[in-house]
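A.B. asks: just need the structure, nothing else, for what follows:
(one chain, ligands or ions: 2)
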Amino acid sequence: MPIQVLISDPLSEDGIYPLQQATNIQIEVATGLNEDALLEKIKDFDALIVRSQTQVTRKVIEAAEKLKMIGRAGVGVDNIDLEAATEHGIIVVNAPDGNTNSAAEHTIAMLTALARKIPQAFNALKNGIWDRKTFIGVELKNKTLGIIGLGRIGAEVAARAKGQRMNVIAYDPFLTKEKAQKMGIDFGTVDDVIRAADFITVHTPLLKETKHLLNKEAFAAMKDGVQIINCARGGIIDEEALYDAIVSGKVAGAALDVFETEPFLDHKLLTLPQVIATPHLGASTVEAQESVAIDVSNDIVAFFNGDPVRNPVNLPSVSKDVLSKIEPFFDLSEKLGVFLSRMTNEAVEEINIKYAGELANYDVRALTRNTVKGILKRNLGSHVNDVNAKFMADRFGVKVNEHKTTTAKGFLHLITVELLTATTTHRVAGTLLNGLGARIVKVDDYVVDIVPEGHLLYIEHKDQPGAIGKVGTLLAMENINIATMQVGRSAAGGDAIMMLTVDNVVQPEEIERLIALEDIFAVKAIDL
Ligand SMILES: NC(=O)c1ccc[n+]([C@@H]2O[C@H](COP(=O)([O-])OP(=O)(O)OC[C@H]3O[C@@H](n4cnc5c(N)ncnc54)[C@H](O)[C@@H]3O)[C@@H](O)[C@H]2O)c1
Ligand SMILES: O=C(O)CC[C@@H](O)C(=O)O
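C.D. replies: Numbers count the residues shown, from 1 in each chain. Ligands and ions are numbered 1, 2, ... in the order given. Sure thing, here's the model as predicted:
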């Protein structure tokens, strides 16, 4: 069955070429769906691609029984309920770079149009009015542009504004004095920016912290005659406060591309001659649309081919370099989790994962998620995946701790996973042996050498003559062939373990019979 991809907002036809080329993917385009129609339709799809119009609400995500991926052809993911997507193990990807240039150019176009009242003058001319007095503008040269949010777009706007001989002052939580100096701009707090600027442009995402960042108090603190630009997100500016500030004469003009509610058709701000506006066109260029569509399409193809995606939103991205170092450990890390989950029937309270040796030098969070997934899979099955593994652990109150050390007890790398319940602690360690592949090298306190594959039997017993024979005889009677066997003991005559690899799945009743043997304390079947 091909992978079904729904495109629910208009996308560049050329940009979806990677999807069209993939033989395992079938595309359906259905734009302009209302929530009810989307709720009905989404059931059959494995992936959904949206721009900013489609609202991917929790309700939509809950109705999407097969959905594994949402691609946002653009930057802002505020139209997607990320928490719900993560909870349902749906990976969200976006296309953060493809429209940066277009959005920056649109911002500069709006800034220039605002300063020179171009839309108003054109409108008058279209209405047969040749008016050369009303539309007196101001120069940009030597004016101060205040930028709040100096990410991809903010930085591009800064560079272009300098080309207009403007002074630039910016605030961004990640901006340092040194970085600002290198860019030839001034560095300030939000307050500094607001007080110094003749024009203020915002380029942050819409977050709890940025909602109504420009509000009544902020407008009051600005220079008289300041002009405002928003080509980022509606809601960063309090529209009611902006209206009042324009009417009072404090703000001389505003250029808006985005609004608190879109479509924005019937708002009093649009009645003000000082306001110019476009209907969310920042990314609407042929180039940007093609680029963002290509980026999400490539990520969708990669994801369904089992390859890493470039722009995950609800999963930390892993750089190519780091990925090449940690990728060989993916399978082992999950298997260590699966192995441990079979060692106890009690509720897991804490998971400690220790990365020793060379691995300690890398960002190993992807491996940690994989191990947690391996552990939780026993009870959650396919409800847990890489995207929601940490979320699920949190939800069930399972603490996950990651530790690193560069010493690995003679190994080049060693991953040790410890699982704590209310009464027990179990531990398993694994490594990759050069040329020999993955090995489990320690189970609890016993040193072993096990290939983590196939059907394993973990047996705790008393170290005394005959114990191994009894197990072998019983398995032979059950027609279960032993492929490999390892034994380990704490001390002669003390507690010991057997680790067997067998050729078939061991059934629960066969385990019961093994446990019933004398001096056998515990038997766990582990399928890896
Ligand atoms: N109008 C459009 O069509 C259009 C097109 C593209 C992007 N956008 C929007 O533009 C905005 C910027 O996009 P980007 O690609 O530059 O994103 P980005 O992630 O590269 O940059 C956002 C910056 O905002 C900063 N920031 C976060 N909280 C802040 C705060 N409280 N105060 C100041 N800075 C803060 C971040 O540190 C970051 O540097 C987003 O809202 C995006 O959705 C709009
Ligand atoms: O899809 C669009 O045209 C808008 C995109 C823009 O708002 C974004 O955040 O990338």
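
A.B. asks: what segments of the stretch 401-528 of the chain are strands?
C.D. replies: Using DSSP state E, counting those that start in this stretch, the strands of the stretch 401-528 of the chain run over 413-420, 425-433, 437-443, 446-450, 455-462, 482-489, 495-502, 520-527.

A.B. asks: how about CSV for these, with mean neighbour count and distance to residue 271 added?
C.D. replies: For the C-beta atoms, the positions are set from N, CA and C on the backbone; glycine is no exception. CSV is the format used below for the strands of the stretch 401-528 of the chain (neighbours: other CB atoms under 10 Å; distance: least, CB to CB, whole Å):
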stretch, mean neighbour count, distance to residue 271
strand 413-420, 22, 64
strand 425-433, 20, 68
strand 437-443, 20, 69
strand 446-450, 17, 75
strand 455-462, 20, 74
strand 482-489, 15, 81
strand 495-502, 21, 78
strand 520-527, 17, 69
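
A.B. asks: phi and psi next, for the residue of the stretch 301-450 of the chain found nearest ligand 1.
C.D. replies: The stretch 301-450 of the chain approaches ligand 1 most closely through residue 313 (10.9 Å), counting by CB to the nearest ligand atom. Here is the backbone geometry of residue 313 (degrees, to the nearest 10): phi -100, psi -40.

A.B. asks: what's around it, how many residues?
C.D. replies: Using other CB atoms under 10 Å, residue 313 is surrounded by 20 other residues.

A.B. asks: which element, helix or strand, includes residue 41?
C.D. replies: helix 35-41 (DSSP states H and E).

A.B. asks: whoops, residue 289 was the one
C.D. replies: helix 286-304.

A.B. asks: got the contact list for that helix?
C.D. replies: With CB atoms under 8 Å, 6 or more residues apart in numbering as the test, helix 286-304 has contacts from 3, 5, 11-12, 14-19, 22, 24-25, 46-47, 49, 68-69, 71-74, 91, 93-95, 97-99, 101-103, 283, 308-311.

A.B. asks: can you pull the contacts of whichever residue of the chain sits closest to ligand 1?
C.D. replies: Relative to ligand 1, the nearest point of the chain is residue 151 (1.8 Å; CB to the nearest ligand atom). With contact set as CB under 8 Å, 6+ apart, residue 151 has these partners: 172, 203, 204.

A.B. asks: pretty sure the residue of the stretch 301-450 of the chain closest to ligand 1 sits against residue 78.
C.D. replies: No - counting by CB atoms under 8 Å, residue 313 does not reach residue 78; the two are 11.1 Å apart.

A.B. asks: and for the residue of the stretch 301-450 of the chain closest to ligand 1, nearest residue in space, chain neighbours not counted?
C.D. replies: Leaving aside its sequence neighbours, residue 313 sits nearest to residue 92 (CB to CB, 6 or more residues apart in numbering; 4.3 Å).

A.B. asks: residues in this structure within reach of ligand 2, list them.
C.D. replies: Those residues of the chain that sit near ligand 2, judged by CB under 6 Å from any ligand atom, are 51, 52, 74, 75, 76, 99, 280, 282, 283, 284.

A.B. asks: which residues of the chain lie near ligand 1?
C.D. replies: Counting by CB under 6 Å from any ligand atom, the residues of the chain close to ligand 1 are 74-76, 96, 99-100, 103, 148-154, 171-174, 203-205, 207, 209-210, 231-233, 257-258, 280, 282-283.

A.B. asks: the same query, at a cut-off of 5 Å, please.
C.D. replies: Within the chain, the positions adjacent to ligand 1 are 75-76, 99, 103, 148-149, 151-153, 172, 174, 203-205, 209-210, 231-233, 257, 282-283 by CB under 5 Å from any ligand atom.

A.B. asks: need the contact list for the residue of the stretch 101-250 of the chain found nearest ligand 2.
C.D. replies: Ligand 2 sits closest to residue 103 of the stretch 101-250 of the chain, with a gap of 6.9 Å, by CB to the nearest ligand atom. Neighbouring residues of residue 103 by CB under 8 Å, 6+ apart: 75, 153, 156, 231, 282, 283, 288.

A.B. asks: which SS class is the spatially closest residue to residue 318 that is not a sequence neighbour?
C.D. replies: Sequence neighbours aside, residue 366 is the residue nearest to residue 318 in space, at 5.3 Å (criterion: CB to CB, 6+ apart). Assigned by DSSP: H, G, I helix; E, B strand; the rest coil, the conformation of residue 366 is helix.

A.B. asks: thanks a lot, see you next time.
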